[in-house]
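S.K.: I'll drop the sequence and a predicted model, then ask my questions.
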Amino acid sequence: MKENVLVKDTLKGLWDENPVFRQLLGMCPTLAVTNAAIFGLSMGLATSFVLLCSSFIISIFRKVFLHEVRTASFVVIIATFVTIVDLFLKGNYPEISKALGPYIPLIVVNCLILARQEAFASKKPVLRAIADALGMGIGFTIALIMLGSIRELLGSGTVFGFRILSLIAKGGWFRPWGIMLLPAGAFLTLGTMIGIINILSEKNSKNRSVVEERRQH
Amino acid sequence: MSEFLLIFISAILVNNFVLKYFLGICPFIGVSDEVTASLNMGMAVTFVMTLTAPFVWLINTYILARFNLPFLEYVTDIIVIASLVQLVEMFIKKYSRGLYNTLGIYLPLITTNCAILFSALFLVLRNYNFIQSIIFGFGSGIGFTLAIVIMAGIREELEYADVPKPFKGAAITLLVAGLMALAFMGFAGMPSA
Amino acid sequence: MQRTLKMVLVLTIIGIVSGLSLALVYRFADPLIRFQQLKRLKRAIFTVLPEAKDYRKEIKDGITIYRGLNSKNKPAGIAFEVKGPGFQGPIVLMVGVDNSLSKLLGMEVLESVETPGLGGKITSKEFKDQFKGLSIKQKITYVKNRNPSTPKKPGQIDAITGATISSKSVVNMLNNKISLITKVLKQN
C-alpha cells in the first residue's frame, strides 16, 4: 500500500501533472535554453537536483517554518541549492555553465520548485516529498529534452550534436529553419506541443477533467 | 546622456524581457487576458524593478564585491527582492488605499517573478553603474508592461476568434507570443548597450 | 510579539546555515573555477598563436597582452582580447598577431550572442580562418557578396551573407584595438 502511494506520487509528474505541458510551470527556462537538446537535459537535471534537495530539507523541517515567512524561508533554501549547482557547473562544465548563463540562477524563482514546496513538500512526509520531487523533476527534464530535440533537429539538423538531416551547404537536402533557434521558434514549438498534447489527452477525457480540477486549486 | 537613452530603449524594445529572454512568462500567460489587469501588473513589476535595481547594485558593489563573497549573490538578491516587495506592500497598504487596490494583489506574485531577479543578475553581469542600473531596471519594467499589455489586447480579440478547442488558452497564447517575438526581432541591431 | 521573535529567529538561522554551507562549498569550487578559466584562456591563446607553447602576461598602459613563446622560448606573437558591441550584444574575441605587428595569426570568439544561423556564423571555421595570415599593415576591410573570381585585396575579408552588421562589428573592433596596441607597443 505504502509503495503504491510513492509510485503514484512519482508517476503523476510524468504525464497527468507534467509540470511543463499540463501545469505550465517553469516556463522561462523551458523556452530559453531549449535551442539544443543537451542544454535542455542540463537544465532539466540542474532543476531536478535543486527540487529534490529543497523538497527533502523542507519536508524534514516542515513543522519549523512559520506560515507568515514560509515563502521567504523556502526561497532562501532554494537559492542556496541553486548556488551549489551553479558553482558545480562553473567548476566542472564551464561550457554548459556559459551557455545556460543567467538561467541557472533563475532556477531560484522557477515557479515549479516553489509550487511543489507549497503544495506538497511542506505538508507531506519525507518519502512522499522525495517521490513527488523525483516525478516532477523527471517530467520537467523529459519535456525540456523533447523541446530541445525538436528545436535542434529543425534548427540545425542535429539532435544532441549528432547529424540527422544532411545540410544543403554540405551537399545534402536540408535547409535549417533558423527561426527555430530564435526566441520566436521557442514560443511556436511549445505552443504547438501543448496543443498537440491537449488533443492526445482529450481521448482520455476522464483523466483530463481530474487534472483540470486539480489545476484550478 | 545618449548612453542612458540607449540602455533605456534597448531594455524596452531590443532586449524585451518577455519576448527575448522569456521572463515573467507565467503572469504573461496567466494575467494577460485583460488589458487593465495587465497594465496594473506591469506597473507593479516596473515599480519593484526600478526600486530593487539600486539596492541590489549597492549590496553587490559595497558588500559582496568588497568582501569577496560572490557566492552569496543569489541569496542576497532574492532576500532584497522579497523584503522590498513586503515593505512596498505594507507601505502602500497604509498610505494609499487606491494604489493598494490596483497593485496589491500582484505584489506577492512579484517575489517569484523571474523578471525581477533577472534584472538584478543582469545589471551585475553587464557592470552597470548606479544610475545605469536604475535606468535599466525602469526600462525593463516598461518593456515587460508593453509586452503583456499588447498580448492582453490581442487575447481580448481572440475571445471572438474560432480557435480549435485544444489550442485554447496557453497554446494559442504561446503561438501569438511567437509571432510577437518575430515582430520585435525587427528592433534587433539597434546597438544594444 | 513572541511570534515575531520566533519568525526572526527562524529566518536568521536559515540565513546563517545557508551562508555557512555556501562558504564551505565555495572553498572547494573556487580553485576549480579558477582552473577552468585559466584553461579556457590558455586554449584561446594557443589557438590564436599556433606556434606558442607558453605565454607571459603583461599589462601596458592598462592594456593586457599575452606574449607567446615558442618551444625554443623565442617570441611567437602577441595575443590580446578585443571587446565591442555586436548586432545582438557584446562580442569578445581573442586575437593573435605576429611579432612585427604586420599580420594576424588567428582569431577566436570568446563570447557572442549573435543570431544563430546568421551573425552566429562569426564563430564558424570558415569565417575565423579568413583572419589567419590577414595583413594588418592597412586597416582591415570587408566586402559583401564578392564574386569568387575577383581576388581579395590585402586585409580584406568576406562578410557573412545576411549578417553584414556582425561582420562589420568584428572588423571595426579589430581595427580599433589593433591601432591602439600598435601605438602602445611602438612607444616602448
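M.R.: All right, it came through fine.
S.K.: could you point out which element follows the host helix or strand of C:I13?
M.R.: Following DSSP states H and E, one finds C:I13 within helix C:2-48. Using DSSP H and E, the next helix or strand after helix C:2-48 towards the C-terminus is strand C:54-60.
S.K.: Which neighbouring elements make contact with that following strand?
M.R.: Strand C:54-60 is packed against strand C:63-69, with contacts defined by 3 or more Cβ pairs under 8 Å, 6 or more residues apart in numbering or on different chains; DSSP states H and E. C-beta here means a position set from N, CA and C on the backbone, and glycine is covered the same way.
S.K.: pLDDT averaged over the strand it packs on, what's the number?
M.R.: Averaging pLDDT along strand C:63-69 gives 89.
S.K.: residues from chain A in reach of chain C?
M.R.: A:35, A:64-66, A:68-69, A:72-73, A:76-77, A:79-80, A:83-84, A:87-88, A:90-92, A:94, A:98, A:155-156, A:176, A:178, A:181-182 (Cβ under 8 Å from any Cβ of the partner chain).
S.K.: which intervals of chain C have sub-threshold pLDDT?
M.R.: C:188 (pLDDT under 70).
S.K.: From the residues of chain A next to chain C, list the buried ones, please.
M.R.: A:35, A:65, A:69, A:72-73, A:76-77, A:79-80, A:83-84, A:87-88, A:90-91, A:94, A:155-156, A:176, A:178, A:181-182 (16 or more other Cβ atoms under 10 Å in any protein chain shown).
S.K.: and chain B, which of the residues you listed contact it?
M.R.: Near chain B, taking Cβ under 8 Å from any Cβ as the test, the members of these found are A:A72, A:V76, A:A79, A:T80, A:T83, A:L87, A:L182.
S.K.: hang on, the last one packs against C:L118?
M.R.: No - look at A:L182 against C:L118 with Cβ atoms under 8 Å: they stay out of range, at 9.7 Å.
S.K.: quick one: pLDDT of B:I131?
M.R.: 92.
S.K.: any idea of the mean pLDDT in the host helix or strand of B:L51?
M.R.: Taking DSSP H and E as the definition, B:L51 sits inside helix B:35-59. For helix B:35-59, the mean pLDDT works out to 89.
S.K.: need the ones next to chain B among the buried ones among the residues of chain A next to chain C in a markdown table with pLDDT and secondary structure, can you?
M.R.: Shown next, in a markdown table, are those (pLDDT from 0 to 100; DSSP: H, G, I helix; E, B strand; the rest coil):
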| residue | pLDDT | secondary structure |
| --- | --- | --- |
| A:A72 | 84 | helix |
| A:V76 | 91 | helix |
| A:A79 | 94 | helix |
| A:T80 | 95 | helix |
| A:T83 | 94 | helix |
| A:L87 | 94 | helix |
| A:L182 | 86 | coil |
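S.K.: Do a quick rundown of the strands in chain B.
M.R.: For chain B, no strands are identified by DSSP state E.
S.K.: Okay, now the unreliable bits of it?
M.R.: Using pLDDT under 70, chain B drops low at B:30-32, B:189-193.
S.K.: Could you confirm whether the longest helix along chain B reaches chain C?
M.R.: Scanning chain B for the helix with the most residues, using DSSP state H, yields helix B:130-158. No - contact between helix B:130-158 and chain C is absent, the nearest approach being 13.7 Å (criterion: Cβ under 8 Å from any Cβ).
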